[in-house]
Each structure stands twice: as C-alpha cells, then as structure tokens.
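Enquirer: everything below, folded, please.
(chains A and B)
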Protein chains: 2
Amino acid sequence: MSNVSVVHSGPWADLDRREFRPPGFSRGLFGKVFFKEELGLTGMELSLNKVSPGAQSPFLHHHVEHEELYLFVRGQGQFQVDGQVFDVREGTVVRVAPAGVRGLRNAGPEDLYYVCVQAKAGSLTGQTIADGRRVQGPLLWNEARVG
Amino acid sequence: MSNVSVVHSGPWADLDRREFRPPGFSRGLFGKVFFKEELGLTGMELSLNKVSPGAQSPFLHHHVEHEELYLFVRGQGQFQVDGQVFDVREGTVVRVAPAGVRGLRNAGPEDLYYVCVQAKAGSLTGQTIADGRRVQGPLLWNEARVG
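Expert: Numbering: from 1, shown residues only, chains lettered A, B, ... in the order given. Got it, this is the predicted structure:
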C-alpha cells in the first residue's frame, strides 16, 4: 500500500447528501460519513458529521475498547456524558473514555459540524514529537517557483 | 480519571496566539496547538493548525510508529508526500503512513485551517461500529424540556 491516500469529501454543508445505515436500522442516517475503509486507516477511524438544527443523536452509546475524540467546528451544541450536560462550540475538543455513555444535540439555530475520531484506548504509548523524524530535502513547490 | 474531559480552545482564527516550540528550535511556531496532554488522551494525539497565506511546513518529516490523518477545514493548500504534490481544500482527508515523507503549504489567499491526528499504525484492530454499545436512557435535555 502507498504511504498516502486522499479523499476529497467536499464541503461540510453537503455531508447530508451521504447515507450511513447503522446495523439494525431500517432507515439511514444522513450527515455522517466514515473514512477508515476508504482511506485504508489502520490506527483510527474518522467520521465527519453535520447535525441540523433541532436534531440529536438517535440513541446514547458507549464503547468497549475505543476512546473517542470529538472536535466541534461550527454551530452550537450540547453534549451529554454519564448524565452530565455541557455546551460545545467552535474549538471545543472532548475526550470520552470507552465507558462514557454519550449523546449530543444541536442546540443552536445553525447546522452543527463536528469531527469524531476513534482509537484504541491506551494504544499511543510513544511521544508525539519524539516519534517524528526531520528529513532533509526540498519542498518541491519551491523548486517549481525557481524553475 | 473521569470518562470525559473538555477543552474550549476558542475560534480557529485565534490559534496563532498560542506558541508551540519543537525540540531544538530557538523560536516558537504559532498556529499549532496539541491536545493529548491537556485532554488526557491515551490512544491518539490531536493538533489544530492555522497556516497563514504564503507559509509552509518548516521542514519535511516522517514518523516511526505513528500514522497521521490530516483533515482540511478551510482554505487551499498543497500537500507533498514522498515527492508527490496534490491539492487540498475543505473536506480533503489524507492518510499518511509512518514512512511517508510529508510537508504542506498554504497555496491560497486565505488562512489554511487543518486538523492532524496521530495514532499508532496497526493499532485499531476492532470494528468501528461493533465496538459501540447502544444504551437505553434519556437524553437529559428532553427531560428538561418536559420539566
């Protein structure tokens, strides 16, 4: 497999044109798109999400092994974990441990946009920065400018 | 540790008020904020990033064990992996394997906003959906509406 894969999923506003059908649901959910399979991710799952005004999670859920990270990009929402409710907005980042029972709703007049990432809890044992290695070499667009 | 932690990092436009200093750098980088430590994440690292027009990665890099996911939220950029250059924009999602040598630049007239997530390559062995468990219970804001 190549070291890189790319998906152009289009503007966030158009996310609800795509359908996701959870197991056991007779109707699809719109506004939720998963990327692990399409990108060939091996360490995490990503979804992009758009929630209309007045809409909310169809059910509460928790996880078995997966930590979840939620990042809110636009709009105003409310998030519930283990019976506690808090507000979310642009720049709000939420960690939920596998056992946390969670749900959310759009609490504002605009669409709510958010990112959700799943990864195996406890799996990232290395240091973020120490795992990186600087590489000498040209950034090719600079060469292109010169040429 | 609680099942949930929350950071309100503020509007994306203000990200460059915060400084990140990579090891060995005499000057800080602005417009990059990491969240693993602050949130207590155990399976992934998150950064939010803002790149000004004309700016680019200070160097190319690869990783040892960590897969990276890039999600572009606003603006227009160019991404380089292993000497190949491609365009990125709102909704572009990129997987880069640890060995991929990567860098990016803002190629447009506006600020470029992106998300980067690191997770250990090969660590997510479970199924995304199968890891979730539906929970019976009230979404509390509904009770609040009734009460």
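Enquirer: which helix or which strand is home to the spatially most central residue of chain A?
Expert: Centroid-nearest residue in chain A: residue A:116, 2.3 Å away (criterion: CA atoms, centre = their mean). In the assignment (DSSP states H and E), residue A:116 maps to strand A:112-120.
Enquirer: report the rounded mean pLDDT for stretch A:2-22.
Expert: If you average the pLDDT over stretch A:2-22, you get 90.
Enquirer: over to stretch A:136-147?
Expert: Mean predicted lDDT for stretch A:136-147 stands at 65.
Enquirer: for stretch A:88-100, same thing?
Expert: 98.
Enquirer: quick one: buried residues of that stretch?
Expert: A:88, A:89, A:90, A:91, A:92, A:93, A:94, A:95, A:96, A:97, A:98, A:100 (16 or more other CB atoms under 10 Å in any protein chain shown). All C-beta spots, glycine's among them, are computed from the backbone N, C-alpha and C.
Enquirer: looking at those, which one is closest to chain B?
Expert: residue A:100 (3.3 Å; CB to the nearest CB).
Enquirer: the residue lying closest to the closest one once chain neighbours are set aside: what's it in contact with?
Expert: Of all residues not flanking residue A:100 in the chain, residue B:3 sits nearest, at 3.3 Å (CB to CB, 6 or more residues apart in numbering or on different chains). When contacts are counted by CB atoms under 8 Å, 6 or more residues apart in numbering or on different chains, residue B:3 touches A:81, A:82, A:96, A:97, A:99, A:100.
Enquirer: tell me if the last one really is in a helix.
Expert: No. Membership of residue A:100 in a helix is not supported by DSSP: H, G, I helix; E, B strand; the rest coil, which gives coil.
Enquirer: go ahead and confirm it touches residue B:6.
Expert: No. Using CB atoms under 8 Å, residue A:100 is not in contact with residue B:6, being 11.7 Å away.
Enquirer: ok, back up a step: packing partners for the strand holding residue A:116?
Expert: strand A:45-51, strand A:66-74, strand A:76-81, strand B:112-120 (3 or more CB pairs under 8 Å, 6 or more residues apart in numbering or on different chains; DSSP states H and E).
Enquirer: format the ones you listed as TSV; extra columns: mean pLDDT.
Expert: Formatted as TSV, the helices and strands packed on strand A:112-120 follow (pLDDT from 0 to 100):
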stretch	mean pLDDT
strand A:45-51	96
strand A:66-74	98
strand A:76-81	97
strand B:112-120	98
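Enquirer: using TSV, lay out these together with distance to residue B:15.
Expert: TSV is the format used below for the helices and strands packed on strand A:112-120 (distance: least, CB to CB, whole Å):
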stretch	distance to residue B:15
strand A:45-51	20
strand A:66-74	13
strand A:76-81	20
strand B:112-120	8
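Enquirer: now the strands for chain A?
Expert: Using DSSP state E, the strands of chain A run over residues A:4-8, A:19-20, A:29-30, A:32-34, A:45-51, A:60-63, A:66-74, A:76-81, A:84-89, A:92-96, A:102-106, A:112-120, A:132-135.
Enquirer: let me know the angle separating the strand holding residue A:116 from strand A:66-74.
Expert: 160 degrees (axes from the mean of the first three to the mean of the last three CA atoms, to 10 degrees).
Enquirer: distance from the chain centre to strand A:112-120, please.
Expert: 2 Å (CA atoms, centre = their mean, to the nearest Å).
Enquirer: got the angle for it vs strand B:92-96?
Expert: Going by the same axes, to 10 degrees, strand A:112-120 makes 10 degrees with strand B:92-96.
Enquirer: who does strand A:112-120 pair up with?
Expert: strand A:45-51 (antiparallel), strand A:66-74 (antiparallel) (DSSP bridges).
Enquirer: can you add mean neighbour count and give those strands back as TSV?
Expert: Converted to TSV, the strands paired with strand A:112-120 look like this (neighbours: other CB atoms under 10 Å in any protein chain shown):
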stretch	mean neighbour count
strand A:45-51	23
strand A:66-74	23
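Enquirer: of all those strands, which one is nearest residue B:125?
Expert: Minimum separation from residue B:125 across the strands paired with strand A:112-120 (CB to CB) falls at strand A:66-74, 10.7 Å.
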